[in-house]
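> What would the 3D arrangement of this be:
(one chain, ligands or ions: 1)
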Amino acid sequence: MEAFESKLYVLAIATQPNIASSGNTAPFPGFKIGEITIDPPVVLAPMEDVTSLPMRVIAKRIANPGLLVTEFISAMAVHYGAEKTLKKMRIDPGERPLSIQIFGAEPAIMAETARLAEEMGADIVDINMGCWVPKVCKTGSGAALLKDPDRAEEIVRAVVNAVQIPVTVKVRAGWDYSLFAAPDLAKRFEQVGIKMLTLHARFAKQGFEGEADWRLIGELRKALSIPLVGNGDVKTPEDAVRMLSETGCDGVMVGRAAIANPWALAAITAAVSGQPIPQPPTLSERIDVALEHVSSAIQFEEEEFEKRMKRPLSESERLDSEGRAVRALRGIVPMYVKGFEGAAQVRSELYQSSSYAEISATLQKVREIANATLEP
Ligand SMILES: Cc1cc2nc3c(=O)[nH]c(=O)nc-3n(C[C@H](O)[C@H](O)[C@H](O)COP(=O)(O)O)c2cc1C
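Okay, the predicted model is just below:
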């Protein structure tokens with residue numbers, strides 16, 4: 001019965017033309033997460049294998065969003081001391097404020113990981129209740145918690161009690177369309193003491209299908225007192241301004257649009273701050289940043305390996321680190337280069353590269369062709 005009523009509730013929202021038009025226009029003010037000011041009110045979304053330290057540092061320099069979030073960190077993996085996971089918790093002093101996102105199903109282990117995040121210097125700890133992928137949900141973590149409100153609340157309470165820094169939660173609207181679970185859950189978490197909630201306005205069962213339903217963000221905004229960040233399908237400055245003004249949410253979170261494209265995020269932060277939108281990057285600028293991304297990822301990998309070995313790396317260990325870093329960026333580097341004849345061929349070459357030298361040689365060729373084409 002409850003699920004049936006909730007379904008009707010979702011349908012009712014869906015048929016309202018404009019549920020929360022606040023009429024606000026840019027510039028949009030910052031907001032606070034506890035004592036921390038998030039200004040501009042734009043957040044780089046947590047993305048597994050994407051929002052690594054080198055990527056976040058570049059995003060901070062080029063786009064300066066109000067908050068950056070790490071990729072999600074498995075509390076269970078941290079508990080067992082997995083090096084691969086622990087290195088994802090490293091923070092660069094220049095990327096503040098920074099939130100470390102954690103996921104798990106065991107309150108005590110989540111509390112332990114939150115304490116470690118605080119010790120490692122996180123400004124905020126975020127709890128993932130939005131990940132829908134089976135490998136995460138089958139352990140009772142991520143979006144599976146949307147189906148188990150008591151456990152979800154227990155986890156939030158354990159984390160809030162474990163740390164001094166503010167705790168936030170990222171949810172989806174619910175598990176499936178039968179229940180818009182976010183408002184009830186969010187109110188419970190608010191009472192337990194979280195300082196901000198992010199809503200990815202899709203149901204877990206949707207994965208990334210369909211469009212995010214921003215009307216759900218407007219509904220949730222009305223139900224909560226703490227800041228609410230809206231998320232889902234913000235790709236352009238216009239999208240960001242529209243989400244903020246139509247839903248009344250306090251900030252926008254940007255994910256896919258920022259992958260290999262810090263300039264898209266920069267355009268969004270400018271629009272939300274009421275600043276002129278910067279010129280899009282030239283191909284040469286894109287190439288420079290792609291190469292910077294690769295070289296700082298290699299450096300990061302080498303430093304972490306060296307820390308683990310507690311001695312300088314041998315030449316073959318250095319090559320191993322380079323290979324690991326380059327492989328991890330295989331899906332991302334090709335996304336930096338697009339919009340010219342032959343781009344598909346270049347992307348395929350980049351995808352197959354296994355060293356910095358190969359990537360650099362391919363991109364250098366692109367730069368030369370582009371320069372030659374532009375000559376009078
Ligand atoms: C490659 C990728 C990895 C993601 N990893 C995470 C994650 O670790 N934690 C999380 O809360 N959401 C994760 N998400 C979801 C995003 O944070 C965001 O909610 C979603 O992409 C919708 O925003 P967008 O439309 O701006 O991309 C991931 C999304 C993508 C595309």
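> Right, and the ligand sits closest to which residue of the stretch 251-376 of the chain?
Per CB to the nearest ligand atom, G255 is where the stretch 251-376 of the chain lies closest to the ligand, at 2.8 Å. (Each C-beta comes from the backbone N, C-alpha and C, glycine too.)
> got it, and the stretch 51-200 of the chain?
Sorted by distance to the ligand under CB to the nearest ligand atom, the residues of the stretch 51-200 of the chain start with F72, at 3.4 Å.
> Could I get the full set of helices for the stretch 251-376 of the chain?
Per DSSP state H, counting those that start in this stretch, the stretch 251-376 of the chain has helices spanning 262-272, 283-309, 315-328, 343-352, 356-374. These are given in chain order.
> Measure how buried the residue lying closest to E322 once chain neighbours are set aside is and give me the count.
Excluding its sequence neighbours, the residue lying closest to E322 (CB to CB, 6 or more residues apart in numbering) is I298, at 5.0 Å. Close neighbours of I298, defined as other CB atoms under 10 Å, add up to 21.
> The helix or strand harbouring V78 and the ligand, any residue contact?
Take DSSP states H and E as the rule and V78 turns out to sit in helix 75-79. No - for helix 75-79, no contact with the ligand is found by CB under 6 Å from any ligand atom; the gap never falls below 13.0 Å.
> now swap in stretch 141-148 and tell me
No - applying CB under 6 Å from any ligand atom, one finds stretch 141-148 out of contact with the ligand, separated by at least 8.0 Å.
> picking that back up, most tightly packed of the helices of the stretch 251-376 of the chain?
Comparing these by mean neighbour count (mean count of other CB atoms under 10 Å), helix 262-272 ranks first with a mean of 23.
> tilt between it and helix 283-309?
Interaxial angle, helix 262-272 versus helix 283-309 (axes from the mean of the first three to the mean of the last three CA atoms, to 10 degrees): 110 degrees.
> any idea of the mean pLDDT for helix 262-272?
Helix 262-272 shows a mean pLDDT of 98.
> helices and strands around it, which ones?
Applying 3 or more CB pairs under 8 Å, 6 or more residues apart in numbering; DSSP states H and E, one finds that helix 262-272 contacts strand 42-44, helix 53-63, helix 237-247, strand 251-254.
> and the residue of the stretch 251-376 of the chain closest to the ligand, how many neighbours?
By the criterion of other CB under 10 Å, G255 has 21 neighbours.
> looking at it, it is touching V229, isn't it?
No - contact criterion CB atoms under 8 Å: G255 and V229 do not qualify, at 11.8 Å.
> Quick check: closest non-adjacent residue to P54.
Counting by CB to CB, 6+ apart, S296 is the residue found nearest to P54 once chain neighbours are left out, at 4.0 Å.
> For the one you found, give me its contacts.
By CB atoms under 8 Å, 6 or more residues apart in numbering, the contact set of S296 is P54, V57, I58.
> one step back: check what contacts the helix holding V78 and list those residues.
Outside helix 75-79, the residues touching it (CB under 8 Å, 6+ apart) are 84-86, 89, 102-104, 106, 109-110, 112-113, 116, 139.
> and with 7 Å instead?
T85, L86, I102, F103, G104, I109, M110, E112, T113, L116 (CB atoms under 7 Å, 6 or more residues apart in numbering).
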